[in-house]
Structure formats: C-alpha cells, structure tokens
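Asker: here are the coordinates; sequence isn't available:
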C-alpha cells in the first residue's frame, strides 16, 4: 500500500511539474487570479486574516488544550 501511495504521489508531482515547465493554460489562469486577488488587498483585511491565522498559533492551541 505504501508503494502504491509513493508511486501515486510521485506521478502527481511530475504531472504538476510538467504543467509548470510547459506553461499550461490552467497555470496561467491561476497566476492571473492570484494577481487580481493581490490587487484587492487592503490593510484592514490583512489585519483580519492575520488575526484568524494567529488562532492556530501554538500558544492559542496550547491554552485551549489546557482549558479543555
């Protein structure tokens, strides 16, 4: 089973690598969407996203674990 998972993961990796090297249209669409989203960024929305991300910080998780 491990060998099958390893071969499958390697196959998936090399398929993605081939798409990146050849400039697959889906990769170009992904890049375009990324740039549009980057243009929509604002300081307040960045602050909200950072606050959400920090909820998964080690200190917060350890405190919640101790409380539970």
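Answerer: Here it is on my side, so go on. In this text, all values refer to a predicted model and were calculated from it rather than measured experimentally.
Asker: return the helix or strand in this structure with minimum mean pLDDT.
Answerer: Within the chain, no helix or strand scores below helix 25-39, which has a mean of 90 by mean pLDDT, DSSP states H and E.
Asker: beyond that one, next helix or strand please.
Answerer: The helix or strand immediately downstream of helix 25-39 is helix 43-54, counting by DSSP states H and E.
Asker: I'd like the mean pLDDT over that next one, please.
Answerer: When pLDDT is averaged along helix 43-54, the result is 94.
Asker: give the next helix or strand downstream of it.
Answerer: Sequence order places helix 58-67 as the next helix or strand after helix 43-54, per DSSP H and E.
Asker: any idea of the angle that following helix forms with helix 43-54?
Answerer: Taking axes from the mean of the first three to the mean of the last three CA atoms, to 10 degrees, helix 58-67 and helix 43-54 form an angle of 50 degrees between their directions.
Asker: ok, back up a step: and the contacts of the least confident helix or strand of the chain?
Answerer: Here helix 25-39 makes contact (CB atoms under 8 Å, 6 or more residues apart in numbering) with 19-20. In this view, the C-beta of every residue, glycine as well, is placed from N, C-alpha and C.
Asker: again, 10 Å this time
Answerer: Outside helix 25-39, the residues that touch it by CB atoms under 10 Å, 6 or more residues apart in numbering are 16, 19-21, 23-24.
Asker: distance from the chain centre to it, please.
Answerer: Chain-centre distance of helix 25-39: 14 Å, with CA atoms, centre = their mean, to the nearest Å.
Asker: sweet, I'm off.
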